[in-house]
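Visitor: what's the 3D shape of this:
(chains A, B, C, D, E and F)
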6 protein chains.
Amino acid sequence: MFHDPLRILAFGAHPDDCDILLGGTAILWSRLGHQVTFVSTTNGDTGHYSMGGGPLARRRQAEAQRSAQIAGIAYRVLDIHNGQLLPTLENRWRLVEIIREVDPDLVVTHRPNDYHPDHRYTGQLVQDAAYTVTIPNVAALTPHLMTNPVFASFSDRFQRPYPFQADVIIDIDSVMPTKLDMLHCHTSQFYEWLPYNQGRLDQVPEDEHARKAWVNELWGARSRDLADTHRDALVARYGEEHARAVRNAEAIEISEYGAQPSAQELATLFPF
Amino acid sequence: MFHDPLRILAFGAHPDDCDILLGGTAILWSRLGHQVTFVSTTNGDTGHYSMGGGPLARRRQAEAQRSAQIAGIAYRVLDIHNGQLLPTLENRWRLVEIIREVDPDLVVTHRPNDYHPDHRYTGQLVQDAAYTVTIPNVAALTPHLMTNPVFASFSDRFQRPYPFQADVIIDIDSVMPTKLDMLHCHTSQFYEWLPYNQGRLDQVPEDEHARKAWVNELWGARSRDLADTHRDALVARYGEEHARAVRNAEAIEISEYGAQPSAQELATLFPF
Amino acid sequence: MFHDPLRILAFGAHPDDCDILLGGTAILWSRLGHQVTFVSTTNGDTGHYSMGGGPLARRRQAEAQRSAQIAGIAYRVLDIHNGQLLPTLENRWRLVEIIREVDPDLVVTHRPNDYHPDHRYTGQLVQDAAYTVTIPNVAALTPHLMTNPVFASFSDRFQRPYPFQADVIIDIDSVMPTKLDMLHCHTSQFYEWLPYNQGRLDQVPEDEHARKAWVNELWGARSRDLADTHRDALVARYGEEHARAVRNAEAIEISEYGAQPSAQELATLFPF
Amino acid sequence: MFHDPLRILAFGAHPDDCDILLGGTAILWSRLGHQVTFVSTTNGDTGHYSMGGGPLARRRQAEAQRSAQIAGIAYRVLDIHNGQLLPTLENRWRLVEIIREVDPDLVVTHRPNDYHPDHRYTGQLVQDAAYTVTIPNVAALTPHLMTNPVFASFSDRFQRPYPFQADVIIDIDSVMPTKLDMLHCHTSQFYEWLPYNQGRLDQVPEDEHARKAWVNELWGARSRDLADTHRDALVARYGEEHARAVRNAEAIEISEYGAQPSAQELATLFPF
Amino acid sequence: MFHDPLRILAFGAHPDDCDILLGGTAILWSRLGHQVTFVSTTNGDTGHYSMGGGPLARRRQAEAQRSAQIAGIAYRVLDIHNGQLLPTLENRWRLVEIIREVDPDLVVTHRPNDYHPDHRYTGQLVQDAAYTVTIPNVAALTPHLMTNPVFASFSDRFQRPYPFQADVIIDIDSVMPTKLDMLHCHTSQFYEWLPYNQGRLDQVPEDEHARKAWVNELWGARSRDLADTHRDALVARYGEEHARAVRNAEAIEISEYGAQPSAQELATLFPF
Amino acid sequence: MFHDPLRILAFGAHPDDCDILLGGTAILWSRLGHQVTFVSTTNGDTGHYSMGGGPLARRRQAEAQRSAQIAGIAYRVLDIHNGQLLPTLENRWRLVEIIREVDPDLVVTHRPNDYHPDHRYTGQLVQDAAYTVTIPNVAALTPHLMTNPVFASFSDRFQRPYPFQADVIIDIDSVMPTKLDMLHCHTSQFYEWLPYNQGRLDQVPEDEHARKAWVNELWGARSRDLADTHRDALVARYGEEHARAVRNAEAIEISEYGAQPSAQELATLFPF
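Guide: Take a look at the predicted model:
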């Protein structure tokens, strides 16, 4: 049913979202020779306090490319203005074309409920592209897929309308340092914009080593929270002993609108 | 409160959705002399692998008309491109006008959560038209309704954000053969597009009898699953003995955004 | 080439525009047994100083119907908000459907240059519908026309980008009183809104007879100006003697985007 | 963390929604010297059976201003057509600008699930404006907020996708007569449109005193239902004895997309 | 007919267009005590090669304010993204509100034909706002104008569909140094972006004096060309002798869609 | 100033427009080693009477590719629905990206006045992309052009608002047979849809030779008319003797919104 090597496609709303939410798992796939493509549905050109527009978009694209190189994956940044993404037909068709070109076994994106409108509308757009990818009369000049891929969501901490459900949870401890190297590429975000937005720009360390530790402390917290919150899922997947030791995890929730994988198929998709 | 005979209006996204999801109940209403109108919110012009555009739209409209004739109902196909339906004001007002012209006691449509974007946006549009139908300053040249009809949803199998709730479930065993005759009219769908999309185009039988059996096996499964999944609702409605015998069922969920019918009013709306 | 009786279709932006600009000619056609349809592309619901919305739309529709009765023509008011008309695909397709349903020999509308945005966008929409009416894959459920009708513009006094060219000019003296009766039906416009807008609400006469004289003085001026401005065209069409005597005229300019009628065909279209 | 006096901002879809859903609490804030701003995202120009358009919009704005005067708050009516509100970027940015200008500690609006499309899209728009208010590259000419305010929802009775959760419930008994005075200002709604829409226009009392009693009976029922439905929340907040005595209440649900207030911060925000 | 002092309103597409095209005349009006308001319909946030987004928008707004101070006029920058201006209803209504708030005797803007899409759509939007400003049912919460102002166009050098016609031409020699001071405020444009775009960034002088001379040479050329091209109009207005001596001029073309001023009214509007 | 070899880019609205309007000149460029790219801004999926949608789009793309092979040029078909092209920002940016990727010396397209809405909006979109291609803050991830290319229009026969002006006219007699071979590739158009639309489907010849003669007779007429109508331009360019002998010509009009080429630059751009 799946390609060998696997083909994984993730859509984040900004050029660092996929890294944060699926970066560790991407490294795991990549190290096993599978093909991972990250797509940012916007160019991130509003994510800063003292830059904006084209120069910021080009800077973020370059950051994404460096991160991709570290992970051994492909990264594509769509040139759609940050904060202006809407669930239009044009955007839907663009995602349909990208999904078809990649022909993935698994597509991961934001849930349509999330704190940032770009996240929500990315989730809605991918939902609108699911199944549509199999219809030859839509986006007719790009050959359609014969089967709907598996669609899934990144983890999040929102409880409404219902909490994220960790259908697959992945121990990323072995690649956590590399994931931090990925995040470290996004200088404009982790050392400039996000600290500014969170009111701690004055706390950003200067030297590289301290920066990575700082990112680990602040943003690694997510993967540690996830491991703690979904410890049961870790136990179910890795057994009690292994699961208890896991510090950092990533997880996905399978969508109802794509192919519904069997347990065995999930094992094939997540071969680690 | 209701018209006599009753007036029922269903909005499906494509020219076969109402048939699949409410065809049996429509036949039951029709046989008792009630008036049923099916509306397809799109013209279905992408639902094929080797046809498309105008010729397909016209073919599907003709299929819908034949199906309507079998059921003794009216069928209206809106000339909106399949896969291009969006919750615009223009579309909302169009639905407002149709609902007012029909002046129905009950309106049924897709839930806003479903696998196909056209289904979701049909659900959203009907939601946006509900209550609005009572406002004389909207779509001002079509006389407004004095009361909001009952709105309801077709059944589906999706669990999120919450599972379909069978507020009314209907035993359609007595009309199941006729419902299959309805589906049988949609040649372009049940013997061409859907088998292609599901990878079994080579299994489509040639002769008419075998085709109907095949449709029953594949698509009748829905009404049998529904009966099984919601056996409790069948028992509550029909009593233990009758309920246990039901093989095929259809069901609806009452929407919170329309009139809230009493148990007695539901009995009047579903007089079988 | 043309139907017998002829079928004439005019699109005005508001429920009195066709009356002002082509009312006299419509009466001439109608008296000879030809079929004339006036369409207002908006419902006119902003054309007043003390009313608005639905009540005004319904009032104006009723005024248009009375005017149509006097002229012996059909009048259709589209339920699009006055001042909100844009050249969208939805509106284009709606006009395509109407043109096809009427199947006219001649379509007349505003030039795309005019003082009111609704006039300009009506002109643009009809332009976008021209030729499109012959394409079976557009608005596929309404049978297409086999030939593009003749398209033409109402007269106006604007000079840029180029002045109106009176390709056909019509002596309407014989029906001028009836045309004034048509205008007289639009109470909300000629005795309320337009006087208010022009700062002479206090001059509106009370009794019916005086009102008609007043309308003739103010609005009949247009047809007299037209006769004066395009006296040469009158001479070319009617001969010197007749032309000199004409007091009231209406005129149209043939569009380059429809069928190009020969002199003889024009004579058939304008048989008076 | 919060301003002193507090700044509260509420977005209702129509010029009476904030009054109905948060009017009592607004009076409580106002009496303690805090600043409350109500914003109606539409001008309410369809909310009547015999008026509409501009005259109705202006009437409703005046009604809102009178209500605001009674409550000691500010009221702003956006000039967007009732029934035409959509979650566009233009509207999102407009709300971003308003939120920034007010610089509120708390923003309250409709949940995105509600019976009226304007309510739903107001909820969606405010959701889309949350967090965005902190991004300097969006709506760049209006200074951004350094921190995301607390966002919350008005109460409603809808159960899907999940029922309203009374995170804060407020005893408004002491100000209920003043709240009724606020509602009483909205003559066009409580004595004209809503009775018409609910089929009891003939029951509207003539004299002022009887009218207020009537409004209390019909619309005060909401705050009494709320107190009854969420008695537990009242007990948790006010203690058993006080809570049992509460007849009228208002409540809000804290949104996950704004700042997450501590119990102490909530106590500061709701100092009564 | 006109206010005393006069009220002049100009819409340019970017925060320097009005200065270039009407800056000299604005100074003349201002010195006589008349009120001039410049509006930029976009925030200019793409007009640079190494900056963009919010920081550029804020910089350009500040430049415009300095320029306005020099001229003694008001300057308003709309927060619409440069390069994203479209003739939407939202934008039309916004311009209607601004025109009504200023209540101008004369409105000047770009012709709808020009090399930059923002110029063209600004021209179209102002055209769509003309006359509309007198309709009380549009933008109903902002009091309408009782008469349509005079509308006019800035000069340009485009020949199609017809060349600019200098209905009024103004000798600006006496204020040319001050006009250059205005342009000089727009550092981001005249010394950075425009030289970059024209391939002469390396020629930009360093010191202020040389810069102004350079701007005069490059951009003053426009007003000198205009004087040369429309020398006849200068002669007609100023007499042979004066006209021959004019080196710098600005001019406008009266639009057909606003009030049509008499020669005397033009003399009142241009009292210099 | 120009690339060597030259780079020419033409935008037609449908997959045969460039061939008809610039096919001969394209062959001339191609034979001299210059690079020509044709782009169809729509996929042509409505251009037929018995087909439509995806199958037609794919057929037309294949026809265009065959035609391109004959001419020795590149052909790109955008997957935008025929009859649905609008001057949106999304489409503008797409054209900006294409123009930048090709980095052409000359861009040719439809005039914004033409009989087909897709032609008009293609003309408008290219106009909106002109100059914009030089702005680094627009479509920021595609490197901008340092200079605006020359923009020009295809010939047409429309007279309003002003007639096509043959700024450059090209003798294509030497390549006319090859141009006919190009047109011959578009079976769906020249032997099916266009004859149907023109009411002569029954006259289409069967064999290939007769077909080409038929196309020459019907569609070659355009290039012969052009030569006749613009004989003066031919004389100016080729001298009396040569010009008189020219039977087939193509021509372009230089746009005011691109670079303005000198006579010598035109000679470089049209080296034949």
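
Visitor: how far away is the nearest residue to A:Ile254 once chain neighbours are set aside from chain B?
Guide: Among residues not flanking A:Ile254 along the chain, A:Asp167 sits closest, at 4.5 Å (Cβ to Cβ, 6 or more residues apart in numbering or on different chains). All C-beta atoms are positioned from the backbone trio N, CA, C, and that covers glycine. According to Cβ to the nearest Cβ, to the nearest Å, A:Asp167 and chain B sit 12 Å apart.

Visitor: can you count the residues close to A:Asp167?
Guide: By the criterion of other Cβ atoms under 10 Å in any protein chain shown, A:Asp167 has 15 neighbours.

Visitor: surely it is in contact with A:Phe151?
Guide: No - in this structure A:Asp167 lies outside contact range of A:Phe151 using Cβ atoms under 8 Å: 11.5 Å.

Visitor: quick one on the thing from earlier: read off the pLDDT value for the residue nearest to A:Ile254.
Guide: A:Asp167 carries a pLDDT value of 98.

Visitor: any common contacting residues for A:Asp167 and A:Phe151?
Guide: Counting by Cβ atoms under 8 Å, 6 or more residues apart in numbering or on different chains, the shared contacts of A:Asp167 and A:Phe151 are A:Ile254.

Visitor: just the CA trace of stretch A:101-118, in PDB.
Guide: Extracted as PDB, the C-alpha positions of stretch A:101-118 are listed here (Å, rounded to 0.1, in the frame of the first residue of the first chain):
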ATOM      1  CA  GLU A 101       3.300  15.900  -6.900                       C
ATOM      2  CA  VAL A 102       4.700  14.500  -3.700                       C
ATOM      3  CA  ASP A 103       2.300  11.500  -3.800                       C
ATOM      4  CA  PRO A 104       2.600  10.900   0.000                       C
ATOM      5  CA  ASP A 105       1.700   8.000   2.100                       C
ATOM      6  CA  LEU A 106       1.000  10.300   5.100                       C
ATOM      7  CA  VAL A 107       0.000  14.000   5.300                       C
ATOM      8  CA  VAL A 108       0.200  15.800   8.600                       C
ATOM      9  CA  THR A 109      -1.000  19.300   9.400                       C
ATOM     10  CA  HIS A 110      -2.600  21.500  12.100                       C
ATOM     11  CA  ARG A 111      -6.000  20.700  13.600                       C
ATOM     12  CA  PRO A 112      -8.500  23.300  12.400                       C
ATOM     13  CA  ASN A 113      -8.700  24.400  16.000                       C
ATOM     14  CA  ASP A 114      -5.600  26.200  17.200                       C
ATOM     15  CA  TYR A 115      -4.700  29.600  18.500                       C
ATOM     16  CA  HIS A 116      -3.400  31.100  15.200                       C
ATOM     17  CA  PRO A 117      -5.700  31.800  12.300                       C
ATOM     18  CA  ASP A 118      -3.000  30.600   9.800                       C
END
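
Visitor: can you tell me the residue of the stretch 151-272 of chain A closest to chain E?
Guide: A:Trp193 (12.1 Å; Cβ to the nearest Cβ).

Visitor: in three-state terms, label that residue for me.
Guide: Classification of A:Trp193 using DSSP: H, G, I helix; E, B strand; the rest coil returns helix.

Visitor: state the distance from it to A:Ile70.
Guide: From A:Trp193 across to A:Ile70, the span is 20 Å (Cβ to Cβ, to the nearest Å).

Visitor: who has more neighbours out of the two?
Guide: A:Trp193 (26 against 19).

Visitor: A:Tyr49 is in contact with that one, correct?
Guide: Yes - counting by Cβ under 8 Å, A:Trp193 does reach A:Tyr49; the two are 6.3 Å apart.

Visitor: residues near A:Ile27, how many?
Guide: 25.

Visitor: over to A:Val235?
Guide: By other Cβ under 10 Å, the residues close to A:Val235 number 16.

Visitor: for it, which non-adjacent residue is closest in space?
Guide: Take A:Val235 and drop its neighbours on the chain: the residue closest to it by Cβ to Cβ, 6+ apart is A:Ala243, 4.1 Å away.

Visitor: from D:Pro15, how far off is A:Lys267?
Guide: You called it Lys, but residue A:267 is Ala. 58 Å.

Visitor: between these two, point out the one with more neighbours.
Guide: Legend: neighbour count by other Cβ under 10 Å for A:Ala267 and D:Pro15, higher for D:Pro15 (34 against 12).

Visitor: that older thread, just checking, what packs against the helix or strand containing the residue nearest to A:Val235?
Guide: A:Ala243 is located in helix A:240-245, with elements delineated by DSSP states H and E. Secondary-structure packing of helix A:240-245 (3 or more Cβ pairs under 8 Å, 6 or more residues apart in numbering or on different chains; DSSP states H and E): helix A:231-238.
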